[in-house]
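Novice: what follows is a predicted protein model with its sequence.
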Amino acid sequence: MTFVQFIDKKITDGVRRVMRTFRYTLIYLAVCLASFTLYSYAQDISTDFVPGEIIVKFKPGTGKNQKNDAIKDIIGGNAISADNVKEFKIVPGLHKISTNLDTQQAISILEKNPNVEYAEPDFILTADIIPDDTDFNQLWGLNDVGDSSPDNDINGPEAWDIFTGSPDLVIAIIDTGIDDNHPDLNGNMWINPGEIPADGIDNDGNGFVDDIHGWDFCNNDNDPFDDNSHGTHVAGTVCAEGNNDQGVVGVNWQCKLMAIKFLCSNGSGTTSGAISAIQYADIMGVKISNNSWGGGGFSQALFDAIQNAGLNNGHIFVAAAGNSNQNTDIIPHFPSSYNLDNIISVAAITDSGAKASFSSFGANTVDLGAPGNLILSTAPGNNYSLKSGTSMATPHVAGVVALVYGLLSQIDPNVSYQTVIQTIYDNVKPLSSMNGITVTGGIVDAFSSLASTPTDPQCSDGMDNDGDLLIDLEDPDCVDSNDNDESPDICCLVAQPPPPPPVGGACLGSCGTRAPGGCWCDNLCQGFGDCCADVCTDCSSLTFCN
């Protein structure tokens, strides 16, 4: 890296930080305006919602009797029961109420109650997908080799040289469910360790009986099987099994896929269903979710649920930017446009690098792009299919989030979601089609994100501090033992043999160290020869001196 390149990178990074700050300022204003529109729901509801379903949040300190009185005001003579009232634990004071009253009328009554913080419709949400049956059989999003300018992928093979995923990291697919029998997915399905299958008992006490792979909030049962295909397709992009000699491969070769279904067979669901899904992930301590859906108006309840998941568990909520080809700076798309720092909003590109014609965009409200057109992935019934949409772009990003989180958590199990997200933002692949219409001006880059992630906590001292037999993962060209990035680290990802005993009085430091003013041995000594002599003898390659 030259001095000019270094300065240019610092300026670019600074501009990105300013743009993100500007983005959050604009979204904050948009959300404030949207929050004010909450109080107009009683007069006009312009988006689709479930008639007679109200989401209400009571103010802190409201007693049980006061809540019951407010609920009875809109359910008439009906007794309060699980059939007409559901409480959400993820947002204290939040309830869904079923009423026979007109939705606007019920909201108007609740808004007049001094104990109600807000009341809103239960909006209908849908999968962000564009159907397409064109014959296309390559995973160009992971490794684009099919055209004259094959550099619009996320650099999957390069990333896998560093890390292929954590087998224990749980990723929630909040969608239409997953075909857990698919041969490219079944080995990566999450299995609830606290539950005994088919015994009819809630063994882990989480409120759900026999939730082995997740939960179905559409049909309210423990079988979140995909009867649509959308969720299975998304799951395959995130984490289809790798190196298994069949089908496709995900961004992660290994992980644990948790199926949380709230979108029904027709691809639609409700705000209350989405909140239930997020709450389930929160209860189970999940760190990452893929959310290839959206729609409806601004929902303070959904906003609160996503925010609390981040506060409770450091949850990263990866969301589709929408398929309306609209500027979400002007016309927000929810939930991707919520002003929350644990949300990553994703646009879609084609294999040519252009913004997909359907993809929404926003210089201040969409964070980055990813492959989302004609994406091949898993489908129910041991099948594979092509789909397009920001729904397909989003799992590419969720997959990279899982890779980065998995690698960073090996160093620091308490790594923050902010660190994971910032690592991805700082290492996007610049793309002209994303410049000016996304915050970062690029697409997600799995390799660059991982290559910037040190495996050693002290990653510039030439020591194997974490004992993983790897030294200083900082150099992007880390297989040639050169200091390519002038960090000045040499030898990243070079296996380190056990240090030999000191030789005479000439030892400058044990093998794998760089003595002040002395020479560096690249630790490829044949037979672990004399690495402590003034000159590294019996070594197969060069030494480097300060």
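Specialist: Nice, thanks for sending it over. Numbering: from 1, shown residues only.

Novice: pLDDT of stretch 113-131, averaged?
Specialist: Mean pLDDT, computed over stretch 113-131, is 85.

Novice: can I get it as PDB, trimmed to CA atoms?
Specialist: Extracted in PDB, the C-alpha atoms of stretch 113-131 (Å, rounded to 0.1, in the frame of the first residue of the first chain):
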ATOM      1  CA  ASN A 113     -56.500   5.700  27.100                       C
ATOM      2  CA  PRO A 114     -53.800   7.500  29.200                       C
ATOM      3  CA  ASN A 115     -52.100   4.100  29.900                       C
ATOM      4  CA  VAL A 116     -51.500   3.300  26.200                       C
ATOM      5  CA  GLU A 117     -48.100   4.300  24.700                       C
ATOM      6  CA  TYR A 118     -49.100   3.400  21.200                       C
ATOM      7  CA  ALA A 119     -51.600   1.300  19.200                       C
ATOM      8  CA  GLU A 120     -51.200   0.200  15.600                       C
ATOM      9  CA  PRO A 121     -52.600  -2.300  13.000                       C
ATOM     10  CA  ASP A 122     -51.100  -5.800  12.500                       C
ATOM     11  CA  PHE A 123     -49.600  -5.100   9.100                       C
ATOM     12  CA  ILE A 124     -49.200  -7.800   6.500                       C
ATOM     13  CA  LEU A 125     -45.600  -8.500   5.500                       C
ATOM     14  CA  THR A 126     -44.400 -10.400   2.400                       C
ATOM     15  CA  ALA A 127     -41.300 -12.200   1.100                       C
ATOM     16  CA  ASP A 128     -39.200  -9.900  -1.100                       C
ATOM     17  CA  ILE A 129     -38.900 -12.200  -4.100                       C
ATOM     18  CA  ILE A 130     -39.100 -11.800  -7.900                       C
ATOM     19  CA  PRO A 131     -39.900 -15.300  -9.400                       C
END
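
Novice: how far does that stretch sit from the chain's center?
Specialist: 22 Å (Cα atoms, centre = their mean, to the nearest Å).

Novice: cool, and stretch 431-441?
Specialist: On Cα atoms, centre = their mean, the centre of stretch 431-441 falls 20 Å from that of its chain.

Novice: same question for stretch 353-362.
Specialist: Mean C-alpha position of stretch 353-362 versus that of the full chain (Cα atoms, centre = their mean) differs by 20 Å.

Novice: tell me the span between the first and last residue of it.
Specialist: With Cα to Cα, to the nearest Å applied, stretch 353-362 spans 17 Å between its terminal residues.

Novice: what's the answer for stretch 179-186, then?
Specialist: 8 Å.

Novice: now stretch 254-265
Specialist: End-to-end distance for stretch 254-265: 27 Å, by Cα to Cα.

Novice: mind listing what's buried along it?
Specialist: Using 16 or more other Cβ atoms under 10 Å as the test for burial, stretch 254-265 gives 254-264. (Each C-beta comes from the backbone N, C-alpha and C, glycine too.)

Novice: pLDDT, secondary structure and distance to residue 153 added to the residues you listed, as JSON lines?
Specialist: Output for these, formatted as JSON lines (pLDDT from 0 to 100; DSSP: H, G, I helix; E, B strand; the rest coil; distance: Cβ to Cβ, whole Å):
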{"residue": "254", "pLDDT": "95", "secondary structure": "coil", "distance to residue 153": "20"}
{"residue": "255", "pLDDT": "97", "secondary structure": "coil", "distance to residue 153": "20"}
{"residue": "256", "pLDDT": "98", "secondary structure": "strand", "distance to residue 153": "25"}
{"residue": "257", "pLDDT": "98", "secondary structure": "strand", "distance to residue 153": "22"}
{"residue": "258", "pLDDT": "98", "secondary structure": "strand", "distance to residue 153": "27"}
{"residue": "259", "pLDDT": "98", "secondary structure": "strand", "distance to residue 153": "27"}
{"residue": "260", "pLDDT": "98", "secondary structure": "strand", "distance to residue 153": "28"}
{"residue": "261", "pLDDT": "98", "secondary structure": "strand", "distance to residue 153": "30"}
{"residue": "262", "pLDDT": "97", "secondary structure": "coil", "distance to residue 153": "31"}
{"residue": "263", "pLDDT": "97", "secondary structure": "coil", "distance to residue 153": "28"}
{"residue": "264", "pLDDT": "96", "secondary structure": "coil", "distance to residue 153": "33"}
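
Novice: can you add distance to residue 449 and give those back as JSON lines?
Specialist: Shown next, in JSON lines, are the buried residues of stretch 254-265 (distance: Cβ to Cβ, whole Å):
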{"residue": "254", "distance to residue 449": "18"}
{"residue": "255", "distance to residue 449": "16"}
{"residue": "256", "distance to residue 449": "21"}
{"residue": "257", "distance to residue 449": "21"}
{"residue": "258", "distance to residue 449": "23"}
{"residue": "259", "distance to residue 449": "26"}
{"residue": "260", "distance to residue 449": "26"}
{"residue": "261", "distance to residue 449": "29"}
{"residue": "262", "distance to residue 449": "29"}
{"residue": "263", "distance to residue 449": "29"}
{"residue": "264", "distance to residue 449": "35"}
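
Novice: quick check: the farthest pair among those residues?
Specialist: In terms of Cβ to Cβ, the buried residues of stretch 254-265 reach their longest pairwise distance at 254 and 264, which sit 29.9 Å apart.

Novice: and the helices in the chain?
Specialist: 3-38, 64-75, 103-111, 156-160, 230-239, 271-283, 300-313, 390-411, 417-425, 446-451 (DSSP state H).

Novice: tell me which residues of the shortest one come out buried.
Specialist: Of the residues in helix 156-160, those with enough neighbours to count as buried (16+ other Cβ under 10 Å) are 156, 158-160.

Novice: confidence score at residue 162?
Specialist: pLDDT for residue 162: 84.

Novice: I'd guessed it sits against residue 451; true?
Specialist: Yes - counting by Cβ atoms under 8 Å, residue 162 does reach residue 451; the two are 6.5 Å apart.

Novice: about what we covered before: out of the helices of the chain, which is the most enclosed?
Specialist: Mean neighbour counts were taken over these using mean count of other Cβ atoms under 10 Å, and the top value, a mean of 31, falls to helix 230-239.

Novice: rounded mean pLDDT for it, please.
Specialist: 97.

Novice: residue closest to the middle of the chain?
Specialist: residue 398 (3.4 Å; Cα atoms, centre = their mean).

Novice: what distance do you get for that residue to residue 392?
Specialist: When distance is defined by Cβ to Cβ, to the nearest Å, residue 398 is 11 Å away from residue 392.

Novice: which one of the helices of the chain lies nearest to residue 202?
Specialist: Nearest of the helices of the chain (Cβ to Cβ): helix 271-283, 12.0 Å.

Novice: distance from that closest one to the middle of the chain?
Specialist: So, by Cα atoms, centre = their mean, the centroid of helix 271-283 is 16 Å from its chain's centroid.

Novice: do the same with stretch 49-62
Specialist: Put simply, stretch 49-62 sits 29 Å off its chain's centre (Cα atoms, centre = their mean).

Novice: which residues touch that stretch?
Specialist: Residues outside stretch 49-62 that contact it (Cβ atoms under 8 Å, 6 or more residues apart in numbering): 66-67, 70, 74, 91-103, 106-107, 110, 115-124, 270-272, 275, 296, 299-301, 304.

Novice: coming back round to it: now the buried residues of helix 156-160 in a markdown table, with distance to residue 61?
Specialist: As requested, the buried residues of helix 156-160 are exported to a markdown table (distance: Cβ to Cβ, whole Å):
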| residue | distance to residue 61 |
| --- | --- |
| 156 | 51 |
| 158 | 55 |
| 159 | 50 |
| 160 | 53 |
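
Novice: residue 358: which of those is nearest?
Specialist: So of these, ranked by how close each gets to residue 358 (Cβ to Cβ), first place is residue 156, at 23.7 Å.
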